[in-house]
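S.K.: coords please:
(chains A and B)
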Amino acid sequence: MTRDDAPLAPARLDSATLTDRVAAVVLPARAPRAWWLALLLSALLSLLFLTGVVYVLSVGVGAFGLNIPVAWGFPIINTIWWIGIAHAGTLISAVLLLTRQDWRASINRGAEAMAMFAIVLAGSYPLLHLGRPWFAYFLLPYPNIMDLWPQWRSPLVWDFFAIGSYLLFTMSFLYLSLLPDLATLRDRARHRVQQLFYGTLALGWRNSARHWARYEQANRVLAVIAAPIVVSVTGTISMDLSVSIVPGFHFTIFPPYFVAGALYSGFATTAIIAIILRSLFGFRDVITRAHLNRLGIMMLCFVLVVDYAYMCEIFTAFYTGEDFYRSVYFDRWTGPYAPYYWGMILCNVVLAQGLWFRRLRESVPGLLCLALIADIGMWLERFQIVITSTHKDYMPSAWDTVTPTRWDWLIYAGSIGVFFFLLLLFMKLMPAISMHDMRDMLHRRRHRQPKGNPRRERSHE
Amino acid sequence: MSEIRIHGLLARFADTETLLLATRALRGAGYTHLDAYSPHPVQGLSEALAIEDHRVPVIALICAVLAGAATLALQVYASLDYPFNVGGKPVVSWPAYVIVTFAMSMVGATLGALFSMLLLNGFPKPYHPLFNIAEFSDASRDGFFLCLQSSDPRFDARRGRALLEHQGALRVWEVPQ
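M.R.: As a prediction, the model looks like this:
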């Protein structure tokens, strides 16, 4: 943060007013009308999701647009897409904590909640795709009368453990981050039900120096392991594809390429959530244009890596000299799914260059458009990876195309509704801005200025 | 000692500086059963209170290693229990086991850090004498508090109160048990 001196919070904001303002969003029964409207819309979409899920469970996975060369359609595309969105939440909370970026304080809670709900959705697709999700526990290693074990060499088993461990990690991290804020709400709550609710969840947190000391230790442990987790989860998921020998899947660049794409779409979604928080609850002065600018910069960094990976993949395909690798690319450029490929190029390579412009990054409609473009572009990318690679592989007799059905689209659109439904509820029931992180940030800001002692804030380092 | 059993004396301070000075002064006067409360972590407070507890990361590390070792052992056992030849690969093909082992050791570290923090802090603890003081709720807003506990061998309500007030306490309460 050298050149950029835009304030991250107004100068008159102090611990007390910040705490009161955030608590005033959560504790009163009233909510802004726009929040109710958004909740209603996303609830309707969630109903579509439930309808789709019930239908697929009752008639089977044949309801999805799947066939034998393309056995992985929308369910896997959406899994990869949602898990990618989750990653930025973890990265903001953890890596920016370790590198002591003050701008994370007001957006990390939204990002963590985003991660939580995105993982739940990411995990639900493979379960649906199993066809008989009630046998999902077969993936667990447990002693059974068939005397069988999971195939430990299979990326699908790795995938199960990667997503499962990521879910546990994110839940723990979100709860850890919420704990002092739950105590804050317990202290502010006047209604008996609220006192019991937040008091129970706060477990008796008293803001003692001993609590804080252990809290910071635990927080640092989780932050330190978050970075390898972020890299490994999407990396592992990319191995579902790249460990196979399917042309178009079998690239060594897949793990880092997937991680960069994940972070690109994740920061984009964080930007959308930051904009929602700003506009719905009036946090324009704590989630400032400087925050939007930085989210835009992060998106730019990762989209450039993604663009590099596109070039590298094409280079590899042609450099191998293998006909099938090359034909995958000709098929992507001119085949039945070419519109998806060129749509992806338009979003992730052409339009994404708008992120270079600070005026666009700092303008709310500008960044919102760029973020939506990023999410759409990343979804198209996952689509073309999963579908175009399998529909035409080594055996010409097995070539076939697949068309997404209305249930594919219904469940996909519905899952976005579920995501926003859960997120909106979270924003009303839980502090959407981390109060303790903000108090810490405000305190350090106040004490840094007169002393000119820039970097020696935390005690346990 | 006073006749009514009290938990201790709670003093409120205006800011982190006075809280730190008071904590150091009371430590200097030989009191050991002290605790400080602040809306955010305060640098130097742990040192002033001589909190030397580094068990959380150690427990997390132990949990990570145990979880990883157990997972690796499970995979090796499963491969030997039901040998399954895939393309002539060795039965115990350990490089393929690394990912699940890593994932589970991260789970071990996560749960180890979270639960050791919660348990070492004595949670869940629905009741605590300090909650009797209404103004203590400001500890999660903008209040800085120091509590001199009656369990301290040198505790004396009158002297303690005088000392806290001398250190610039805004107000001192007797916390009922």
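S.K.: Tell me the confidence at A:Arg448?
M.R.: The confidence metric pLDDT takes the value 68 at A:Arg448.
S.K.: So which residues on the stretch 51-200 of chain A come close to chain B?
M.R.: Contacts of the stretch 51-200 of chain A with chain B, taken as CB under 8 Å from any CB of the partner chain, map to A:141, A:147-153, A:157-158, A:161-162, A:164-165, A:168-169, A:172-173, A:175-176, A:180, A:183-184, A:187-188, A:199-200. C-betas here are computed from N, CA, C, even on glycine.
S.K.: just checking, A:Ser106 touches A:Pro7?
M.R.: No - applying CB atoms under 8 Å, one finds A:Ser106 not in contact with A:Pro7, separated by 11.9 Å.
S.K.: Narrow the residues of the stretch 51-200 of chain A next to chain B to those that are buried.
M.R.: Buried subset of those (neighbour count, 16 or more other CB atoms under 10 Å in any protein chain shown): A:141, A:149-150, A:152-153, A:157-158, A:161-162, A:164-165, A:168-169, A:172-173, A:175-176, A:180, A:183-184, A:187-188, A:199.
S.K.: Domains in chain B, by residue range?
M.R.: B:6-51+B:130-176, B:55-120 (automatic domain parsing).
S.K.: In CSV, list those domains along with mean neighbour count, distance to A:Val305 and mean pLDDT.
M.R.: Below are those laid out as CSV (neighbours: other CB atoms under 10 Å in any protein chain shown; distance: least, CB to CB, whole Å; pLDDT from 0 to 100):
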stretch, mean neighbour count, distance to A:Val305, mean pLDDT
domain B:6-51+B:130-176, 19, 35, 89
domain B:55-120, 18, 23, 93
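S.K.: so who does A:Leu368 touch?
M.R.: The contact partners of A:Leu368, by CB atoms under 8 Å, 6 or more residues apart in numbering or on different chains, come to A:Ala271, A:Ile272, A:Ile275.
S.K.: so where does it fall, helix or strand?
M.R.: Element membership of A:Leu368, judged by DSSP states H and E, is helix A:364-383.
S.K.: and B:Pro126, how many residues sit next to it?
M.R.: Neighbour count for B:Pro126, taken as other CB atoms under 10 Å in any protein chain shown: 12.
S.K.: Over to A:Leu425?
M.R.: 16.
S.K.: ok, now A:Asp20?
M.R.: 14.
S.K.: That one: which element?
M.R.: helix A:15-26.
S.K.: Could you check stretch A:311-322 and say which residues are buried?
M.R.: A:Cys312, A:Glu313, A:Ala317.
S.K.: Keep only those residues that also lie close to chain B.
M.R.: Counting by CB under 8 Å from any CB, nothing from these sits close to chain B.
S.K.: closest to A:Gly414 among those residues?
M.R.: A:Glu313 (31.7 Å; CB to CB).
S.K.: show me the residues around the closest one that make contact.
M.R.: Per CB under 8 Å, 6+ apart, neighbours of A:Glu313: A:Phe251, A:Ile253, A:Tyr257.
S.K.: can I get those in TSV with pLDDT and neighbour count?
M.R.: Output for these, formatted as TSV (pLDDT from 0 to 100; neighbours: other CB atoms under 10 Å in any protein chain shown):
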residue	pLDDT	neighbour count
A:Phe251	87	20
A:Ile253	88	17
A:Tyr257	90	24
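S.K.: And the strands in chain B, which stretches?
M.R.: Applying DSSP state E to chain B gives strands spanning B:6-13, B:34-37, B:144-149, B:171-176.
S.K.: A:Ser106 and A:Pro7: who's more crowded?
M.R.: A:Ser106 (27 against 11).
S.K.: so that one, which of the three states?
M.R.: State at A:Ser106, reduced to three classes by DSSP: H, G, I helix; E, B strand; the rest coil: coil.
S.K.: so which helix or strand takes in the closest residue to it other than its chain neighbours?
M.R.: Leaving out its chain neighbours, the residue that sits closest to A:Ser106 by CB to CB, 6 or more residues apart in numbering or on different chains is A:Val286, at 4.6 Å. Under the criterion DSSP H and E, no helix or strand holds A:Val286.
S.K.: A:Val286 against A:Met438, yeah?
M.R.: Yes - between A:Val286 and A:Met438 there is a contact at 7.0 Å, judged by CB under 8 Å.
S.K.: If you count surrounding residues, which of those two has more?
M.R.: A:Met438 (27 against 23).
S.K.: Quickly note the distance from the more buried one to chain B.
M.R.: Per CB to the nearest CB, to the nearest Å, A:Met438 is found 9 Å from chain B.
S.K.: tell me the contacts of that residue?
M.R.: Going by CB under 8 Å, 6+ apart, the list of residues near A:Met438 reads A:Ala9, A:Leu18, A:Val22, A:Ala105, A:Ser106, A:Val286.
S.K.: and with 6 Å instead?
M.R.: A:Leu18, A:Ala105 (CB atoms under 6 Å, 6 or more residues apart in numbering or on different chains).
S.K.: which stretches of chain B form helices?
M.R.: B:16-28, B:45-48, B:55-81, B:98-120, B:157-166 (DSSP state H).
S.K.: Output these as TSV; include the columns distance to chain A.
M.R.: Shown next, in TSV, are the helices of chain B (distance: least, CB to the nearest CB, whole Å):
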stretch	distance to chain A
helix B:16-28	7
helix B:45-48	5
helix B:55-81	4
helix B:98-120	4
helix B:157-166	16
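S.K.: mind giving me a markdown table with those helices and columns for distance to A:Pro365?
M.R.: Below are those laid out as a markdown table (distance: least, CB to CB, whole Å):
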| stretch | distance to A:Pro365 |
| --- | --- |
| helix B:16-28 | 41 |
| helix B:45-48 | 45 |
| helix B:55-81 | 44 |
| helix B:98-120 | 39 |
| helix B:157-166 | 55 |
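S.K.: Among the ones you listed, single out whichever gets nearest to A:Ser279.
M.R.: Going by CB to CB, the one of the helices of chain B nearest A:Ser279 is helix B:98-120, 33.7 Å.
S.K.: which secondary structure elements does that closest one contact?
M.R.: Applying 3 or more CB pairs under 6 Å, 6 or more residues apart in numbering or on different chains; DSSP states H and E, one finds that helix B:98-120 contacts helix A:155-188, helix A:209-242, helix B:55-81.
S.K.: Distance from the chain centre to that helix, please.
M.R.: Centroid displacement of helix B:98-120 relative to its chain, using CA atoms, centre = their mean, to the nearest Å, is 17 Å.
S.K.: who wins for proximity to A:Leu37 among the helices and strands packed on helix B:98-120?
M.R.: Across the helices and strands packed on helix B:98-120, closest to A:Leu37 is helix A:155-188 (CB to CB), at 25.2 Å.
S.K.: Any idea how far the next helix or strand after that closest one is from the middle of the chain?
M.R.: Towards the C-terminus, the helix or strand next in line after helix A:155-188, according to DSSP H and E, is helix A:192-202. Distance of helix A:192-202 from its chain centroid, counting by CA atoms, centre = their mean, is 29 Å.
S.K.: contacting residues around helix A:192-202?
M.R.: Here helix A:192-202 has contacts from A:Leu182, A:Ala183, A:Leu185, A:Arg186, A:Ala189, using CB under 6 Å, 6+ apart.
S.K.: Repeat that for stretch A:354-367.
M.R.: Contacts of stretch A:354-367 (CB under 6 Å, 6+ apart): A:Ala271, A:Ile275, A:Arg289, A:Leu292, A:Asn293, A:Gly296, A:Met299, A:Leu300, A:Leu370.
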